[in-house]
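Q: Compute the structure for the input listed below.
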Amino acid sequence: MRDSRPAAPARLRVDPVACDGVGMCAHLAPGLIVLDTWGYPIVASALSRRADIRAARAAVAGCPRRALLLEADRQPSWNGTGDPDGGSD
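A: Residues are numbered from 1 along each chain as shown. Okay, here's the model as predicted:
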């Protein structure tokens, strides 16, 4: 049974320059990563379940080219000025 408890939102990204299309990531995180015709990964856009985060960490650790990155999914904090940093120069 998959752990469906919420976790801090995260995003799994692929460095297309570093990736050689080995496909190990798709075997380690089959629910999150599928391979295209040439063997390159297509990843889920946002991760919010603990089980998905664990699978993504396994894929990142198992990538022989270190082409995967798991990062916090941070939305810009808009403050109403139309400028994400508060309008200060």
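Q: Surely Leu70 is within a strand?
A: Yes: counting by DSSP: H, G, I helix; E, B strand; the rest coil, Leu70 is found in a strand.
Q: burial measure for it, as a count.
A: Per other CB atoms under 10 Å, the neighbour tally for Leu70 reads 16. In this view, the C-beta of every residue, glycine as well, is placed from N, C-alpha and C.
Q: same thing with Ala46?
A: A count of nearby residues for Ala46, using other CB under 10 Å, gives 10.
Q: could you list every residue that touches Leu12?
A: Shown in contact with Leu12 (CB atoms under 8 Å, 6 or more residues apart in numbering): Ala29, Leu32, Ile33, Val43, Ala44, Leu47, Ala56, Ala59, Val60, Leu68, Leu69, Leu70.
Q: Quickly name whichever of the residues you listed is closest to Pro6.
A: Among the contacts of Leu12, Leu47 lies closest to Pro6 (CB to CB), at 10.6 Å.
Q: for the lengthiest helix in the chain, what is the average pLDDT?
A: Ordering each helix of the chain by length in residues (DSSP state H) puts helix 50-62 first. The pLDDT scores in helix 50-62 average 95.
Q: before we move on, the earlier item: now the contacts of Leu12 in a markdown table, with distance to Ala18?
A: What follows is the contacts of Leu12, written out as a markdown table (distance: CB to CB, whole Å):
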| residue | distance to Ala18 |
| --- | --- |
| Ala29 | 17 |
| Leu32 | 18 |
| Ile33 | 15 |
| Val43 | 14 |
| Ala44 | 19 |
| Leu47 | 20 |
| Ala56 | 17 |
| Ala59 | 14 |
| Val60 | 12 |
| Leu68 | 9 |
| Leu69 | 10 |
| Leu70 | 15 |
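Q: List buried residues within the residues you listed.
A: Among these, those that count as buried by neighbour count (16 or more other CB atoms under 10 Å) are Ala29, Leu32, Ile33, Val43, Ala44, Leu47, Ala56, Ala59, Val60, Leu68, Leu70.
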